[in-house]
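A.B. asks: sequence below, structure please.
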Amino acid sequence: MLAKDRIEEQVAQLLKEASLGAEFPLPVEKVVEHLEFACHFYMPDKDVEDIASAVNHVQKKIYVNQQNSPFQQRLSIARAIGCIVLHGANQDYISYLHSSNDPKEQAVIYFAENLLMPETIFKQVWLATKQDVIQLEQFFGVTQFSISGRAIDLGLR
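C.D. replies: As a prediction, this is how the structure comes out:
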């Protein structure tokens, strides 16, 4: 996995280039547009129902499972953005609903967490809401599971 501080730098650079950063929940669609990609929401069949999203560099599309909740879709898009930024233009990507321990996958997840829930802002909102996971979920536009994971990662739980 790439060093965490390097991933954080890449997130900050992307947000700066896309002229974003202080709007929450982060408008991931604007990041996708900045990268010159488009999102395509699909209805999965039995063969691909466990796929959350996929990146196709040739078509410049991020495919997103429309059966997932809007919060899960945002996280899936953020992970796809992480793949595009971290792993380059020649590597297509499939994100499954259940992540693996693969170092590349872990880097993409860390990228997505930092994109959607920057550490400083997360800590401020965590304290301001008195750790109310539902308020945090609404503020950041991600699942409660993601909120809990980020809090653990940051040593808040």
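
A.B. asks: rest of the way, CA atoms for contacts and neighbours
C.D. replies: Will do.

A.B. asks: who touches whatever helix or strand Lys30 lives in?
C.D. replies: Per DSSP states H and E, Lys30 falls inside helix 28-34. Outside helix 28-34, the residues that touch it by Cα atoms under 8 Å, 6 or more residues apart in numbering are Leu15, Ala18, Ala38, Cys39, Arg74, Ile77, Ala78, Ile81.

A.B. asks: next one: stretch 49-65
C.D. replies: For stretch 49-65, the external contacting residues (Cα under 8 Å, 6+ apart) are 36-44, 68, 73, 76-77, 80, 83-84, 89-98.

A.B. asks: buried only: go through the residues you listed for me.
C.D. replies: Those of those that meet the buried threshold are 37-39, 68, 73, 76-77, 80, 83-84, 92-96, by 16 or more other Cα atoms under 10 Å.

A.B. asks: name every strand pairing with the worst-scoring helix or strand of the chain on mean pLDDT and say which way it goes.
C.D. replies: In the chain, no helix or strand scores lower on mean pLDDT, DSSP states H and E than strand 93-96, which sits at a mean of 86. Paired neighbours of strand 93-96 in the sheet (DSSP bridges): strand 51-56 (antiparallel).

A.B. asks: picking that back up, from the buried ones among the contacts of stretch 49-65, which is closest to Gln138?
C.D. replies: Proximity of the buried ones among the contacts of stretch 49-65 to Gln138 (Cα to Cα) peaks at Gln73, which lies at 14.1 Å.

A.B. asks: isn't the closest one up against Gln66?
C.D. replies: Yes: the pair Gln73 and Gln66 passes the contact test of Cα atoms under 8 Å, sitting 7.4 Å apart.
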